[in-house]
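Chemist: sequence first, then the predicted structure:
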Amino acid sequence: MRFRLPGRAVDAGVVAVAAAELVTVPDGVGPAVTASYLLAVAALAVRRRWPLPVVLAAIPAAASGYLWLAPMFALGTAAAALPGRAVAYGCAAAMFLSAAAPSSHAEARAWSAHDWATVGLGPALFSIGPTVLGRLARTRRELAERLVELNAVREQERAQAAASAIAAERARVAREMHDVVSHQVNLIAMEAGVLALTSRDDEARGAGERIGELSSRTLDELRDMLGVLRAPTGGGGAGDGRSGGGTTAGLAELPALVAATGLPVRTEYVLATSPPPSPETEHAVFRTVQECLTNAAKHAPGSAVDIVISGGAASGTLTVEVTNGPASGGAWAPPTERGRRASAGHGLTGLRERAALLGGTVHTGRTADGGFTVQAELPFLDASAVRRTVSPPPPPGGVPASPATCLNEPDQGEMCPEKGT
């Protein structure tokens, strides 16, 4: 970074240097010349604001023929500040003529060609030099401004090209999801409906109904996701994973999610709700619990699952911890080959990425009894009301527990996610 003196300091230095030129005149000058030069020196203080009047004020000083610093400073500033070249060159010509013109007609007649050349050389150099330097400074400044504009245009073009590429890729992904995933889920829903209607086994009919319900819910979420993918990206929109369509599922939908799994689940809430967590945070909690329940059903079927959701204004975070025990046989159940193909191990990675987009973290690990725990810490908005709800574990047999009973703090009112608060 280059150091630059303040403008007022530069102006003061210019005035002081120009005024010091009077000392260099050995025999002194008359009062008229002194007054005209002091006027030119004083005018230099406002040369940036009024460059043309300052040049006009310096022309009488240039007529002396040997006091040139003030006129040169005035010419250089005018050449750099005035937009029109004709005006700048006109100022230089006026300065040259005032210094090189003979004092009388008789003197002009007496001068030879050599005298004209000698008299005109100094004024020509003192007039042309500052003018050329001033115009070069102006050209350099204009080129720098053009380069800044050009770089800004190029950055904008690169950003537009990147946005177009992202939009094209999102549209391609949306088409693939609609043509492939949506088709397969529709087939699953239809097969489940047929099973629920035609099977004579009660357990099979119940499974068909649950599969059909899950398939319908998946289709709804898929439609929301397709809407996000097809929507134009923008700051703070769906394109950055913070908001937009598809973030409707939150704390209020957790009881239905838990009931649909058929697992013995115990849910505990200790969190602030006034104001409630942001929709993005609630959606991240929902997806975390959903992924953990899916993994528990796949790797530890029949195991008990504990869900603890806590947070508030004091900590500034919302924490969700999901712990499942070992499989009903007492050991972790490795997935089958079909299970490996169905889940490529991206679920926990996706949870970490989702939390990172919100500024949170996800930690995972095995428990001492052979189970598995997932803990996600997400940002939480300011809150004041605190609630605590606990749902008891379901009775043996995997029947979903009844809606949780709110154990509220005094005078806080009942605020259960089951009731959509």
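Modeler: Right, received. Where do you want to start?
Chemist: every contact and neighbour count from this point should use C-alpha atoms.
Modeler: Will do.
Chemist: domain ranges for the protein, per the record?
Modeler: Per automatic domain parsing, the structural domains of the chain span 7-152, 249-421.
Chemist: leaving out sequence neighbours, find the closest residue to residue 311.
Modeler: In this structure, residue 311 finds its nearest non-sequential neighbour in residue 318, 4.2 Å apart by CA to CA, 6 or more residues apart in numbering.
Chemist: three-state assignment of that neighbour?
Modeler: Secondary structure, DSSP: H, G, I helix; E, B strand; the rest coil: residue 318 is strand.
Chemist: and for residue 203?
Modeler: Recorded secondary structure, residue 203: helix (three-state DSSP).
Chemist: that one: neighbour count?
Modeler: By other CA atoms under 10 Å, 11 other residues sit near residue 203.
Chemist: sorry, back to before: could I get the domains of the chain in JSON lines, plus columns for mean neighbour count, mean pLDDT and distance to residue 165?
Modeler: Below are the domains of the chain laid out as JSON lines (neighbours: other CA atoms under 10 Å; pLDDT from 0 to 100; distance: least, CA to CA, whole Å):
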{"stretch": "domain 7-152", "mean neighbour count": "17", "mean pLDDT": "80", "distance to residue 165": "20"}
{"stretch": "domain 249-421", "mean neighbour count": "18", "mean pLDDT": "71", "distance to residue 165": "21"}
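Chemist: looking at these, which is nearest to residue 173?
Modeler: The closest of those to residue 173 is domain 249-421. By CA to CA, the value is 17.0 Å.
Chemist: would you tell me what the next helix or strand after the helix or strand where residue 153 lies is?
Modeler: Applying DSSP states H and E as the criterion places residue 153 in helix 113-176. Note on helix 113-176: by DSSP H and E, the next helix or strand toward the C-terminus is helix 182-198.
Chemist: before we move on, the earlier item: want to throw the domains of the chain into JSON lines with distance to residue 190?
Modeler: Converted to JSON lines, those look like this (distance: least, CA to CA, whole Å):
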{"stretch": "domain 7-152", "distance to residue 190": "55"}
{"stretch": "domain 249-421", "distance to residue 190": "19"}
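Chemist: to residue 163, which of those domains lies closest?
Modeler: Across the domains of the chain, closest to residue 163 is domain 7-152 (CA to CA), at 16.3 Å.
Chemist: distance between that closest one and the chain's centre?
Modeler: Computed by CA atoms, centre = their mean, to the nearest Å, the chain-centroid distance of domain 7-152 equals 50 Å.
Chemist: to residue 181, which of the domains of the chain lies closest?
Modeler: Across the domains of the chain (criterion: CA to CA), the nearest stretch is domain 249-421, sitting at 12.9 Å.
Chemist: just the helices in the stretch 1-150 of the chain please.
Modeler: Using DSSP state H, counting those that start in this stretch, the helices of the stretch 1-150 of the chain run over 7-20, 31-43, 51-62, 69-81, 85-100, 105-110, 113-176.
Chemist: out of these, the one nearest residue 282 is which?
Modeler: Nearest to residue 282, of all those, is helix 113-176, at 24.6 Å by CA to CA.
Chemist: go through the chain and flag its longest strand.
Modeler: Secondary structure of the chain per DSSP state E: the longest strand is strand 265-274.
Chemist: measure residue 221 to residue 227 for me?
Modeler: Counting by CA to CA, to the nearest Å, the separation of residue 221 from residue 227 is 10 Å.
Chemist: got it, and residue 42?
Modeler: Taking CA to CA, one finds residue 42 at 70 Å from residue 227.
Chemist: repeat for residue 360
Modeler: Plainly put, residue 360 is 26 Å away from residue 227 if you go by CA to CA.
Chemist: what about the strands in the stretch 251-400 of the chain?
Modeler: In the stretch 251-400 of the chain, the segments counted as strands under DSSP state E, counting those that start in this stretch are 265-274, 305-311, 317-324, 361-366, 372-379, 385-390.
Chemist: nearest to residue 55, of the ones you listed?
Modeler: Comparing these by CA to CA, strand 372-379 comes nearest, at 64.4 Å.
Chemist: may I have the strands that pair with that closest one, each with its orientation?
Modeler: Strand 372-379 pairs in its sheet with strand 317-324 (antiparallel), strand 361-366 (antiparallel), by DSSP bridges.
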